[in-house]
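>>> Can you look at this prediction? I've put the sequence above it.
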Amino acid sequence: MTPTLDLARQLIACPSVTPDDGGCQKIVGERLSRMGFQVQLSMSGPADFCVQNLWAKRPGTPVPSVQAASQLIVFAGHTDVVPTGPVAQWHSDPFTPTERDGHLYGRGASDMKTSIAAFVVATEEFIAQYPDTPLSIGFLLTSDEEGPAVDGTIKVVEALQQRGERMDYCIVGEPTSVHRLGDQIKNGRRGTLCGKLTVRGIQGHIAYPQLAKNPIHLLAPALAELVTVTWDQGNDFFEPTSWQVSNIHAGTGAVNVIPGTVGVDFNFRFGTASSVQSLQARLKAVFDHHRLDYDLIWTLGGLPFLTPPGTLVDAVAAAIHAETGIHTELSTSGGTSDARFIANICPQVIELGPLCDSIHKVDESIAIADIEPLKNIYLRLLKNIT
């Protein structure tokens, strides 16, 4: 058993469904402390949803001939996992790490406890080889990535901003690979903008529609128009903006009552070709054109961010190629991650991790053959960036 596999098993064995950390950060913090990291554990959020965060930093050894501060590279991720789903459908207990058929099974195996284990062991090996490295190394972990994400990474980022801390590079261990380890990395993500729409009508007996005003019928033409809108064409880095309805709810539960209101939840996923303001204005114009009586509440989940090819992307690509022979692909597709918060204080952020084919599923797993190469990629990255 390799040190990376052993640590991954320890972390998977911690039941850490959001917002619980399950003891993961204590395990990691102790390993980091032994390497000379200054480890800070903090709690955030209400008593019934308390989140644990870890920030740790090992300053680089100053170089007498260099006046500037050493560069800081940060490994970031989350120790929380999504719920297991029906445990009876798993072939082994979700929090009992199990090896079979060449895979390591357990909730968090791919998303993303193995990445965290690989971060830690790669750092241990790097410091053992280069104890006086001028490179500063940081770790940022949270137990609130899979949940609301309001008391996790964003809180740590805000605290670092207040202290004037800076990052030069950040690697988030999200599962980004598609067919083979390292075949894709995320060098950006789309923004996410949610809307909660309420359209008002007049409730009444369904047999007397002339005495009521059905808000569902009033809304239908506007929805039909919105699904045909081309919001933008995208650009070289981002695909076109997508607008999707996620929920429509109305009615009293009775089949003979015209509802008084209808609610619609929707979401924009957008790149840099459109702004928040332009999307809001265009959507509102459609509702106004159809003369709807409505309220609209917006929630901005995160702005798009992009790390163009440069120092970090090149170092990561070189590490992947040296370890696997693969020429990695850059992508900004998929959902959001905590990288959107880190990008506020770090100019170069990428996501790199295992295959994403089993994440959030029953029998989540990672190929055991990918675990050491993943650690080696992170180790090579540290050497490339020094």
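Cool, got the structure.
>>> residue contacts, the residue nearest to residue 83 when sequence neighbours are not counted?
In space, and not counting its chain neighbours, residue 83 is closest to residue 17: 5.4 Å by CB to CB, 6 or more residues apart in numbering. Using the backbone N, CA and C atoms, a C-beta is placed for each residue, glycine as well. When contacts are counted by CB atoms under 8 Å, 6 or more residues apart in numbering, residue 17 touches 80-84, 107.
>>> how does this protein divide up, domain by domain?
Segmentation of the chain into domains, based on automatic domain parsing, reads 3-189+304-385, 194-302.
>>> Export those to a markdown table and append columns for mean pLDDT.
Conversion of the domains of the chain to a markdown table gives the following (pLDDT from 0 to 100):
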| stretch | mean pLDDT |
| --- | --- |
| domain 3-189+304-385 | 96 |
| domain 194-302 | 97 |
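>>> deepest of those domains, which one?
Burial among these, expressed as mean neighbours by mean count of other CB atoms under 10 Å, is greatest for domain 3-189+304-385, which shows a mean of 20.
>>> In strands, which of the contacts of residue 17 fall?
For the contacts of residue 17, membership in strands holds for none, with DSSP state E as the criterion.
>>> which of these sit farthest apart?
Of all pairs drawn from the contacts of residue 17, the one with the largest separation by CB to CB is 80 and 84; the distance is 12.7 Å.
>>> where exactly do the helices run in the stretch 51-200 of the chain?
Here the stretch 51-200 of the chain has its helices, by DSSP state H, counting those that start in this stretch, at 114-129, 153-163.
>>> Name whatever forms a beta bridge with the residue nearest to residue 83.
Listed by DSSP bridges, the beta-bridge partners for residue 17 are residue 81.
>>> I'd like the distance between it and residue 84.
Between residue 17 and residue 84 the computed distance is 8 Å (CB to CB, to the nearest Å).
>>> which residues do the two both contact?
Any residue near both residue 17 and residue 84 by CB under 8 Å, 6+ apart counts here, and that gives residue 107.
>>> Could you dump the helices of the stretch 51-200 of the chain into a markdown table with distance to residue 53 added?
Written out in a markdown table, the entries for those read as follows (distance: least, CB to CB, whole Å):
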| stretch | distance to residue 53 |
| --- | --- |
| helix 114-129 | 14 |
| helix 153-163 | 5 |
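>>> What residues does the residue most central in space within the chain make contact with?
Central residue of the chain (CA atoms, centre = their mean): residue 337, 1.7 Å from the mean position. Residues near residue 337 by CB under 8 Å, 6+ apart: 145, 172, 174, 186, 189, 351.
>>> same thing with residue 57?
Taking CB under 8 Å, 6+ apart as the test, what residue 57 contacts is 37-38, 72, 136-139.
>>> Identify the bridge partners of it.
With DSSP bridges as the criterion, the beta-bridge partners of residue 57 are residue 38, residue 138.
>>> Give the closest residue to residue 248 in space, chain neighbours not counted.
With CB to CB, 6+ apart, the residue lying closest to residue 248 is residue 264, at 5.3 Å.
>>> element containing the one you found?
strand 261-270 (DSSP states H and E).
>>> Residue 175 reaches residue 353, doesn't it?
Yes. Using CB atoms under 8 Å, residue 175 makes contact with residue 353 at a distance of 4.5 Å.
>>> which residues are common contacts for these two?
Contacts common to residue 175 and residue 353, judged by CB under 8 Å, 6+ apart, are 110, 112, 115.
>>> which one of those residues sits closest to residue 303?
Where the shared contacts of residue 175 and residue 353 are concerned, and distances follow CB to CB, residue 303 has its nearest neighbour in residue 112, at 22.7 Å.
>>> Does the closest one touch residue 175 like I think?
Yes. The pair formed by residue 112 and residue 175 meets the contact definition of CB under 8 Å, at 6.4 Å.
>>> So for the two, which residues contact both of them?
The overlap between the contact sets of residue 112 and residue 175 (CB under 8 Å, 6+ apart) consists of 353-354.
>>> contacting residues around residue 375?
If a contact means CB under 8 Å, 6+ apart, then residue 375 has 4, 117-118, 121-122, 125 as its contacts.
>>> swap the cut-off to 6 Å and go again
By CB atoms under 6 Å, 6 or more residues apart in numbering, residue 375 lies in contact with 4, 118, 121-122.
>>> any chance of the residues you listed in CSV, plus distance to residue 323?
Converted to CSV, the contacts of residue 375 look like this (distance: CB to CB, whole Å):
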residue, distance to residue 323
4, 14
118, 12
121, 14
122, 11
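>>> contacts for stretch 171-191?
Counting by CB under 6 Å, 6+ apart, the neighbours of stretch 171-191 from elsewhere in the structure are 75-77, 110-112, 115, 269-271, 302-307, 313, 320, 324, 326, 328-332, 336-337, 339-340, 350-356, 359, 370, 373.
>>> Between the two ends of it, how far is it?
19 Å (CA to CA, to the nearest Å).
>>> Use 17 as the first number for this chain going forward.
Got it, the first residue is 17 from now on, which makes the last one we talked about stretch 187-207.
>>> circling back: could you look up the SS state of the residue nearest to the centre of the chain?
At residue 353, secondary structure determined by DSSP: H, G, I helix; E, B strand; the rest coil is coil.
>>> For it, give its distance to residue 128.
From residue 353 to residue 128 the distance is 10 Å (CB to CB).
>>> next one: residue 159
Here the distance between residue 159 and residue 128 works out to 12 Å (CB to CB).
>>> what ranges do the strands span in the stretch 217-366 of the chain?
In order along the chain, the stretch 217-366 of the chain carries the following strands (DSSP state E, counting those that start in this stretch): 220-221, 258-266, 273-274, 277-286, 310-318, 321-322, 345-347, 365-367.
>>> same thing with the stretch 67-216 of the chain?
In the stretch 67-216 of the chain, strands defined by DSSP E, counting those that start in this stretch lie at 67-74, 88-94, 114-116, 119-121, 152-158, 185-188, 200-202, 204-205, 207-216, listed in chain order.
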